[in-house]
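Q: Would you be able to build a 3D model of this:
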Amino acid sequence: MGCSLILVDLPGFGQSSGRDRIQSSWKQNGPEIYVAILSSFNISKPISVLAQCGGAATSIRTINRYPSWFQDRHHLINNSVTGDFGDTYPGEFEQKLLKYNIHLLVTWKADIDHPTFCIAYKRWDRNRRSGFKNLQLVDLPQIAYGTDWVKVNNIARLTSKNKAYFYVNTPEREQQIIHAICPNTKQ
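A: The predicted model follows:
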């Protein structure tokens, strides 16, 4: 069984067009942009998501607004910073996860762009503590900033104009992450 991968560069981020526009368009129009992209590829539902930071926040709001696209799937969300899940009433997002059998593996690692736990983390942690079955929250190992980051210039970012920091991955780091997610796995 094969799969297709679509990498989305949200308007105003990375190398996308619209760098001079307000980057908050992903918050206001993200779910519609997301579904328009999927629809343009004639993708049959449902899909799985792997998302980070602002893309994770957009994915969460899209899952809440269009849950049938994500039904009966597992999704990986990392460092989703916003607490705005697009709920029209408290707990709406969690109810949709249950109704549509949507499972989330949410990871969190304090890093250069996410130095402290945020509103979204507090909600994830509350779900974890309550035993909510459609969510697994994993706090990833903390590694010194200087050893696992590389700075890249001339890329627009929300937090630091024209520069961004990216993880430098190593086999050792992959093993740390696997062990954090699956503690019983041999290293």
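
Q: so what secondary structure elements neighbour the helix or strand containing Ala36?
A: For Ala36, the host element (DSSP states H and E) is helix 25-40. Counting contacts by 3 or more CB pairs under 8 Å, 6 or more residues apart in numbering; DSSP states H and E, helix 25-40 packs against helix 53-65. To be clear about C-beta, it is placed using only N, CA and C from the backbone, and glycine gets the same treatment.

Q: Just after the helix it packs on, pick out the following helix or strand.
A: Counting by DSSP H and E, the element after helix 53-65 in chain order, helix or strand, is strand 74-78.

Q: Output the contacting helices and strands for that following strand.
A: Strand 74-78 sits against strand 50-52, helix 53-65, strand 103-108, with contacts defined as 3+ CB pairs under 8 Å, 6+ apart.

Q: give the contact list for the closest residue to Asn101 other than its chain neighbours.
A: Excluding the flanking residues, the one nearest Asn101 by CB to CB, 6 or more residues apart in numbering is Asp72, at 4.8 Å. Contact partners of Asp72, counting by CB atoms under 8 Å, 6 or more residues apart in numbering, are 46, 100-102.

Q: who does the helix or strand containing Arg123 touch, helix- and strand-wise?
A: Per DSSP H and E: Arg123 is located in helix 119-130. The contact analysis (3+ CB pairs under 8 Å, 6+ apart) places helix 119-130 against strand 103-108, strand 135-139.

Q: Give me whichever of those is most buried.
A: Among those, ranked by average contacts under mean count of other CB atoms under 10 Å, first place goes to strand 103-108 (a mean of 20).

Q: So which elements touch that strand?
A: Using 3+ CB pairs under 8 Å, 6+ apart: strand 103-108 touches strand 74-78, helix 119-130, strand 135-139, helix 171-181.

Q: Helix 53-65 and the first one, what's the angle between them?
A: In this case it means strand 74-78. 140 degrees (axes from the mean of the first three to the mean of the last three CA atoms, to 10 degrees).

Q: before we move on, the earlier item: what's the lowest-pLDDT member of the contacts of Asp72?
A: Across these, the smallest pLDDT goes to Pro46, namely 84.

Q: Thr58 versus that residue, what's the distance?
A: 17 Å (CB to CB, to the nearest Å).

Q: thinking again about what came up before, hey, which of the helices and strands packed on strand 74-78 is tucked in deepest?
A: The highest mean neighbour count among those, using mean count of other CB under 10 Å, belongs to helix 53-65: a mean of 23.

Q: tilt between it and strand 103-108?
A: Going by the same axes, to 10 degrees, helix 53-65 is angled at 150 degrees with respect to strand 103-108.

Q: how about the nearest residue to Asn127, chain neighbours excluded?
A: What sits nearest to Asn127 in space, not counting adjacent residues and going by CB to CB, 6+ apart, is Leu135, at 4.7 Å.
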